[in-house]
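1. here you go, sequence then predicted model.
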Amino acid sequence: MKNKIERKVVNLSDIKLDQSNPNAMNEKQREALNNSMEKFGYIQQIVIDKDTMQVADGEHRLKTLLERGVTEAEVVLYKFDNDTDRRIFRQIANKLHGQHDDMKDVQEYKRILQSTDMQELVQLTAISEQEILNMIERSDKESMDIFKKAEEVDKLGSLEVTCPNCHHIFKRKA
């Protein structure tokens, strides 16, 4: 592991934006980012090329801080070998997030909505209320279909059936 990392408070006006950044946010996403920074603060640091002071990751967070009138913030300074490495890092930071399991997302939404209202979830995630409700409804329908299929299989005499989504094994009662 290369030890090229330094955390330092810098003047945000010294950081250079990269006009070729392929990661764009729409207005709804920018608003959600602003709302999340309002709620949780600046917790995900901006990564800067130490030699050029050009953003490698966190351009949207930087713009949000500047729009809020923040002049200084702690950033991660990293000594990239070259501009290509900075761009590769940006691609990695923007793309390697894993994939969400829709069923687990729905479970998460349900847990969140037990403690907060839909409006806050929408404001902080840039996911529409309708999209969240559609996911929950689709999940509930799929769950019901699985239970119905399990009952049908059970009537045929099968000893067990495995849910294709959660992999729970439903066993026939003796």
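-> Nice, thanks for sending it over.
2. gap between Q99 and H60?
-> Separation of Q99 from H60 (C-beta to C-beta, to the nearest Å): 21 Å. For glycine as for every other residue, the C-beta is placed from the backbone atoms N, C-alpha and C.
3. of the two, who's got more company?
-> Using other C-beta atoms under 10 Å, the more surrounded residue of Q99 and H60 is H60, with 18 against 5.
4. SS state for that one?
-> Secondary structure for H60, judged by DSSP: H, G, I helix; E, B strand; the rest coil, is helix.
5. how about the one 10 residues further on?
-> When classified by three-state DSSP, V70 comes out as coil.
6. surely it touches L12?
-> Yes. Applying C-beta atoms under 8 Å, one finds V70 in contact with L12, separated by 6.4 Å.
7. ok, the two, which is more surrounded?
-> L12 (16 against 13).
8. T125 - nearest residue in space that isn't next to it in sequence?
-> Closest residue in space to T125, ignoring its immediate chain neighbours: A32 at 5.9 Å, by C-beta to C-beta, 6 or more residues apart in numbering.
9. list the contacts of whichever strand or helix holds that neighbour.
-> Secondary structure from DSSP states H and E places A32 in helix 27-40. Residues from elsewhere that reach helix 27-40, judged by C-beta atoms under 8 Å, 6 or more residues apart in numbering: M25, H60, R61, T64, L65, E67, R68, Q123, L124, T125, A126.
10. recalculate using a threshold of 6 Å.
-> Contacts with helix 27-40, where a contact means C-beta atoms under 6 Å, 6 or more residues apart in numbering, come from H60, T64, Q123, L124, T125, A126.
11. among those, which two are most distant?
-> Distance extremes for these: the farthest pair is H60 and Q123 at 16.4 Å, using C-beta to C-beta.
12. can you list the domains in the chain?
-> The record assigns the chain these domain ranges, following automatic domain parsing: 5-95, 102-171.
13. what mean pLDDT does the shortest one have?
-> When you say that, I think you mean domain 102-171. Average pLDDT, domain 102-171: 78.
14. and the helix holding A32, how far out from the chain middle?
-> On the basis of C-alpha atoms, centre = their mean, to the nearest Å, helix 27-40 sits 13 Å off its chain's mean C-alpha point.
15. and the next helix-or-strand element following that helix, average pLDDT?
-> Per DSSP H and E, the first helix or strand lying C-terminal to helix 27-40 is strand 47-49. Mean per-residue pLDDT for strand 47-49: 97.
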